[in-house]
Each structure stands twice: as structure tokens, then as C-alpha cells.
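Colleague: kindly return the folded structure for what I paste below:
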Amino acid sequence: MDLSTTWIFCSFFLSSILVLAQVSRVSANAEGDALSALKNNLADPNGVLQSWDPTLVNPCTWFHVTCNNKNSVTRVDLGNANLSGQLSPQLGFLPNLQYLELYSNDITGRIPNELGNLTSLVSLDLYLNSLTGPIPDTLGKLKRLRFLRLNNNSLTGEIPMSLTTIETLQVLDLSNNQLTGQIPINGSFQRFTPISFDHNRLDPLPVSPPPPLPPSSASSSRENKNDTTTRRGGDGVTFLTSLFSLYFSLKPHTIFSTENALKFSKMERERSLGNKWEGRKIKGKVEWQMNFSILEFVR
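Modeller: Next comes the predicted model:
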């Protein structure tokens, strides 16, 4: 290989490295520009964003920003940072962003439609702010989203049906807003309870009648017991009536009284416990007695 060929090869190699570096820097700078636009839209009395220097090669050295091994932004953590102002549409230029945490601030204005471009987003936490306007329908494009918390704002309009198509959605909180219209009950929204929609102006969900309860074994047992008690009671009444007739036919001089009735009633109860009646002859008369373990009644 002559000297000219070697020089051409080295020049091509160096040029390739410079091009790749420039592409990487442009990409990083694009994300840095997106975050710088957010910073310019926010008031920061506590200097939380002081390290966000747009002249740096990439934003991966900024506080509250996390990047992957390719120097692309994956997290923005600015929750409870005493920030105020509005969200920037340029946030949609963070293609690898997974977590956007801006909760518990005083951010006003609308949620940018451009947030629907963050297709890698897993968590969108904008709760406890002063956001107004509708929930963007474009958020339905976030097919990896698992956590969507927009509660405690002043959002208006209807809940976008597109949100029900996010099958990965696990946590949803739209409570404490001014949303109107119907609550979707299809798709991923089937797994959420009314708590997710509390304190809005939404139409109440239709109340479904509760399913009939199957008969329990305890109630069946009670019914059977009642049936048995009724049958036994009927037999006891029949037996007691016959006993009265027989007794007074044998003892016509016996006066029917409450005391006698109670005695027979007690004898009937003992009979139902397994005792028995038996007759015997004493001096030409038939006497009746009941064998008791404690009480013996012979007239």
C-alpha cells in the first residue's frame, strides 16, 4: 500500500468517527434543547434547574436527569420542586424518555399534545398541579404506559376513549378534576374502580343488580331443622291430645286444669327425649306412668 492510499484510508476513517460523533452530539443536543425549552418555561425559585446548562455536550450531567448508556434521556425527576409555569411542547422530542415526574408543583396551562410522541414512556405523573384544559387524545399512543396520574388538577372535557386501548396501564388516577361525560368501562378501564374518577363532574356509572346468592349450607341446615321441628311438633300435639283423651277416660274424676296440662306437657317433652309410656294393672285398675330419669308421674 503506497503512501497516498494510506492517507486516503486514514482520512476516511477519521471522517467517519467525526460524523458519528457529530450525529451523537446532535441527538444529545436535541434532547438538551428540549429540556432547555422546559427550563425556560418554568420559574425556579429554589434553583433546582441551575445545572441545566445548554452549552454542555449533552444533558446527562444535569441534576434530576437520567440517561442510558447511549447518552439519551430516560428520566426527568422534578417532583415537588416548587416549580411554576407551563409545560413545553418540546418535551415530545425525548424519544427514549420512560419517566416524566413533574408532580406536586404549580404548573399551569395545558398538557401538550406532543407528549403523545413519547412512545417509550412508562410513567406520566403530573398530579397535584394547576393544569387546565382537556386530557390529550394523543396519550392513547403511549402503548407502554403503566402509570398515569393526573389527579388534583383542573382538567376539563371528557376522558379520551383512546386511553382504554393502553393494555399495559396498571395505575390510573383522574380524580379531583372537572372532567365531564361518561366514564369508559371497556378495555383497560375495566380494571379500575370508581376511586380513579372521584370528585369530577362525570356521569355516574350504572348500578348493576347484585347476582343472586347461592343457598348456603347453614341456611339449608336451618330449613331442615325447622321442618323437623314442625313435624315433631305436629306429632307431639297429636300424641298429647290422644294422651289427654285416654287419661280422662280412665280418670273421669280428674279435673282438667292448667296444672294437669303442664304435667302432661312435661311428660310429652320427656317422651321426645327417648322415654316411654307403659301401662300396668293395680287392683283391677289400669294405671299409666312415664319412666323418667328424674320425674315420675303417676295419677
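
Colleague: what are the structural domain limits within this structure?
Modeller: For the chain, automatic domain parsing gives the domain ranges 13-202, 217-290.

Colleague: mean confidence score for the longest one?
Modeller: Domain 13-202 carries an average pLDDT of 92.

Colleague: next: the shortest one.
Modeller: Taken as a whole, domain 217-290 has an average pLDDT of 47.

Colleague: numbering from 898 from now on, please.
Modeller: Sounds good: first residue 898 from here, last item domain 1114-1187.

Colleague: in the stretch 998-1147 of the chain, which spans are helices?
Modeller: Under the criterion DSSP state H, counting those that start in this stretch, the stretch 998-1147 of the chain contains helices at 1114-1147.

Colleague: and Asn943, how many neighbours?
Modeller: 9 (other CB atoms under 10 Å). C-beta coordinates here come from the backbone N, C-alpha and C atoms, glycine included.

Colleague: can you tell me the element it falls in?
Modeller: Element membership of Asn943 [criterion: DSSP states H and E] is none; it lies in no helix or strand.

Colleague: need the contact list for it.
Modeller: By CB atoms under 8 Å, 6 or more residues apart in numbering, Asn943 lies in contact with Ala978, Asn979.

Colleague: check Cys957 too.
Modeller: Listed by CB under 8 Å, 6+ apart, the contact set of Cys957 reads Ala925, Thr963, Cys964, Asn968, Val970.

Colleague: surely it is in a helix?
Modeller: Yes - checked against DSSP: H, G, I helix; E, B strand; the rest coil, Cys957 lies within a helix.

Colleague: quick check: it vs Leu997, distance?
Modeller: 17 Å (CB to CB, to the nearest Å).

Colleague: next: Ile1063.
Modeller: 15 Å.

Colleague: Glu928 against Ser969, yeah?
Modeller: Yes - using CB atoms under 8 Å, Glu928 makes contact with Ser969 at a distance of 6.6 Å.

Colleague: more neighbours: which of the two?
Modeller: Taking neighbours as other CB under 10 Å, Glu928 and Ser969 compare with Glu928 leading, 24 against 20.

Colleague: how far away is the more buried one from Gly976?
Modeller: Counting by CB to CB, the separation of Glu928 from Gly976 is 20 Å.

Colleague: before we move on, what about Asn1049?
Modeller: Asn1049 is 13 Å from Gly976, by CB to CB.

Colleague: neighbour count winner among these two?
Modeller: In this view Asn1049 and Gly976 are compared by other CB under 10 Å, and Asn1049 has more residues nearby, 20 against 16.

Colleague: need the contact list for that one.
Modeller: Tyr1024, Leu1025, Asn1026, Ser1072, Asn1073, Asn1074.

Colleague: let's see 6 Å
Modeller: Tyr1024, Leu1025, Asn1073 (CB atoms under 6 Å, 6 or more residues apart in numbering).

Colleague: and Ser948, which of the three is it?
Modeller: coil.

Colleague: just checking, it touches Phe960?
Modeller: Yes - using CB atoms under 6 Å, Ser948 is in contact with Phe960, at 4.5 Å.

Colleague: quick one, what contacts His961?
Modeller: Neighbour list for His961: Asp974, Leu975 [criterion: CB under 6 Å, 6+ apart].

Colleague: again, only this time at 8 Å
Modeller: Taking CB under 8 Å, 6+ apart, we find His961 in contact with Val945, Leu946, Val973, Asp974, Leu975, Ala978.

Colleague: His1096 against Gln1075, yeah?
Modeller: No - counting by CB under 8 Å, His1096 does not reach Gln1075; the two are 9.3 Å apart.

Colleague: wait, doesn't Asp930 sit right on Ser985?
Modeller: No - using CB under 8 Å as the test, Asp930 is too far from Ser985 to be in contact (10.2 Å).

Colleague: neighbour count: the two, which is higher?
Modeller: Ser985 (20 against 13).

Colleague: how about the contacts made by Asn926?
Modeller: Contacts of Asn926 (CB under 8 Å, 6+ apart): Val954, Asn955.

Colleague: repeat that for Leu1066.
Modeller: Leu1042, Arg1043, Leu1045, Leu1060, Ser1085.
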